[in-house]
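Trainee: below: sequence and its predicted model.
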Amino acid sequence: MRAFRLLAALLSIAFAGAAAAQEEPQLDLPRTQLATGMYRIDAQVAATPLQRQIGLMYRRQMPQHEGMLFAFEEPAVQCFWMKNTPLPLTAAFVDDEGTIVNLVDMQPQTTASHCSTRPVRFVLEMNQGWFSKKGIKAGTRLAGPPFQPER
C-alpha cells in the first residue's frame, strides 16, 4: 500500500510538471532566415506535430522582425486558430516556391479557424500588422532555405 501511494504521488507530480510545461512558450526551436525585398525575418521553425500544435501559444511578446514558420510534410489546406495565444497575429499561407497564397489576421485567444485558400506546406505567423505595414500581400515571394529547390 505504501509503494502504491508513493507511485501515485510520483505520477501526480510528473503529470503536474507536464501540464505546467505545456503552458510555457517554446523559445528554443531551430531558426531560419527569410527575406522579402529589403525586409528580413528571423523565423523559428515548427516542423514536428507537437511543435506545430504548440506554435506561438503562451507567447506574450515577439520582436517585430521575428515570426514562426510552420513546415508541413505535404501540401494541404492548412487551418490555424489562436487558442492560448495572447498575441494578435497574421498568418501568411505560403506555397513551396515561397509565394504567399493568402494572409489572414487572427485575434488572440479565439478558436475561430483560419485556412489557406489552396494547399500549402508553409505558414508564417508574424505580429499582426507586420505584413500590411510593409506592403506585403498575396503574391509576394519569400526567399530563404525552405523555398530553395532541392538539388
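Mentor: The structure has been received and is ready for your questions. Numbers count the residues shown, from 1 in each chain.
Trainee: report the beta-bridge partner residues of Arg141.
Mentor: Thr99 (DSSP bridges).
Trainee: how close does it get to Met57?
Mentor: Arg141 sits 29 Å away from Met57, going by CB to CB, to the nearest Å. Quick note: C-beta positions are derived from backbone N, CA and C, even for glycine.
Trainee: tell me the bridge partners for Val94.
Mentor: With DSSP bridges as the criterion, the beta-bridge partners of Val94 are Ile100, Phe122.
Trainee: list the contacts of it.
Mentor: Taking CB atoms under 8 Å, 6 or more residues apart in numbering as the criterion, Val94 is in contact with 100-101, 120-124, 142, 147.
Trainee: tell me how far stretch 40-55 is from the chain's mean position?
Mentor: With CA atoms, centre = their mean, to the nearest Å as the basis, the distance from the averaged C-alpha position of stretch 40-55 to the chain average is 5 Å.
Trainee: do me a favour and get the end-to-end distance for it?
Mentor: Between the start and the finish of stretch 40-55 there is a gap of 21 Å, counting by CA to CA, to the nearest Å.
Trainee: start the count at 12, not 1, going forward
Mentor: Understood, numbering begins at 12; the last thing we discussed is stretch 51-66.
Trainee: can you list the buried residues in that stretch?
Mentor: Taking 16 or more other CB atoms under 10 Å as the basis for neighbour counts, the residues of stretch 51-66 that come out buried are 52, 54-57, 62-63, 65-66.
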